[in-house]
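Visitor: Please work out how this folds:
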Amino acid sequence: MNEGRANHLLLHRVKSSGEWLSVIDFNTGDLRELESQAHRGYLETSAMSFAPYGNIVGIMQGSISSPSHRSLENWMNHLKILKEPIAVRALTSHAEVERLKTAAGASRVDIRIGSSNMAALSEKTGRLASFLRRASVDYGDARVTLTISIPRGRGRDSERERLLADLQDLGDAMPHAAEIAKARLIYAESGSAEESRIAEFVEHHITAKSRVRAVDAEGNSIRLSAALGTIMDTMLVLEQELKLAVDVLA
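Guide: Take a look at the predicted model:
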């Protein structure tokens, strides 16, 4: 499928004829077995949309057992599209620790570190590290999650600067010690409006959740077109993060 600049693929898995499938009538509660026929099969489908940059593909599975990124890899290699084997892997974000160096402050911090990784903070002197260590001592073998949020307003600049300094203290420890570590960083240049952006300090698979309509107002099935539209919309929202993950310049 091709719509403008976007390229799409519907990848199917034929359900085994030996699988036990039944149909229920929700009005009556009646059940009946779904009979297989020699010339027909039932498909499990995944919708896939390819980004116009970075060899990125967005995938939405129709069910848990629908084709995954591994299925796409096997299918493409079976077609021998390239001489060398193609690898399709889950995309991982970069830890954006470098962004701490250019920020003017931080208005919110969310960080979680398990007790087994608390030793990574032993030499840290900031308030965030102190809070996390103290909680680990008080509660023992536990995951410690800390959230600090500072309200907007120029009168809170010094507090946001101090929060940023405490976050910078943890900069080299967060990527390997934290389970979750992200912050809303403030950027302010002389004579320009203040800006903010979310920065992630732990590598993670780039995923998103979204509701997909199955039928339109007339009751017609639109699940496939809706799924592809949702994938494209999501890739647009995450475009900056996706390009950063594959080292494509914006």
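Visitor: What is the helix ranked longest in the chain packed up against?
Guide: Determined from DSSP state H, the single longest helix within the chain is helix 223-237. Helices and strands touching helix 223-237, by 3 or more C-beta pairs under 8 Å, 6 or more residues apart in numbering; DSSP states H and E, are strand 6-14, strand 43-50, strand 57-61. Every residue, glycine included, has its C-beta placed from N, CA and C.
Visitor: Run a quick neighbour tally on the residue lying closest to Ile222 once chain neighbours are set aside.
Guide: Once flanking residues are discounted, Ile222 sits nearest to Asp216: 5.0 Å by C-beta to C-beta, 6 or more residues apart in numbering. Using other C-beta atoms under 10 Å as the criterion, Asp216 is surrounded by 11 other residues.
Visitor: Pass me the low-pLDDT residue ranges in the protein, would you?
Guide: 1-6, 36, 38, 154, 190-192, 249-250 (pLDDT under 70).
Visitor: That one - how does it break down into domains?
Guide: Taking automatic domain parsing as the reference, the chain has its domains at 2-92+206-245, 97-200.
Visitor: Determine which stretch of these is the most buried.
Guide: A comparison of those by mean neighbour count, using mean count of other C-beta atoms under 10 Å, puts domain 97-200 on top with a mean of 16.
Visitor: end-to-end on it?
Guide: Counting by C-alpha to C-alpha, to the nearest Å, the length from the leading to the trailing residue of domain 97-200 is 8 Å.
Visitor: Please tell me how far that domain is from the chain's geometric centre.
Guide: Distance of domain 97-200 from its chain centroid, counting by C-alpha atoms, centre = their mean, to the nearest Å, is 21 Å.
Visitor: Please enumerate the helices of this structure.
Guide: 69-78, 127-139, 157-169, 174-177, 223-237, 239-245.
Visitor: Just put those in a markdown table and tack on distance to Glu35.
Guide: Shown next, in a markdown table, are those (distance: least, C-beta to C-beta, whole Å):
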| stretch | distance to Glu35 |
| --- | --- |
| helix 69-78 | 27 |
| helix 127-139 | 57 |
| helix 157-169 | 61 |
| helix 174-177 | 54 |
| helix 223-237 | 24 |
| helix 239-245 | 44 |
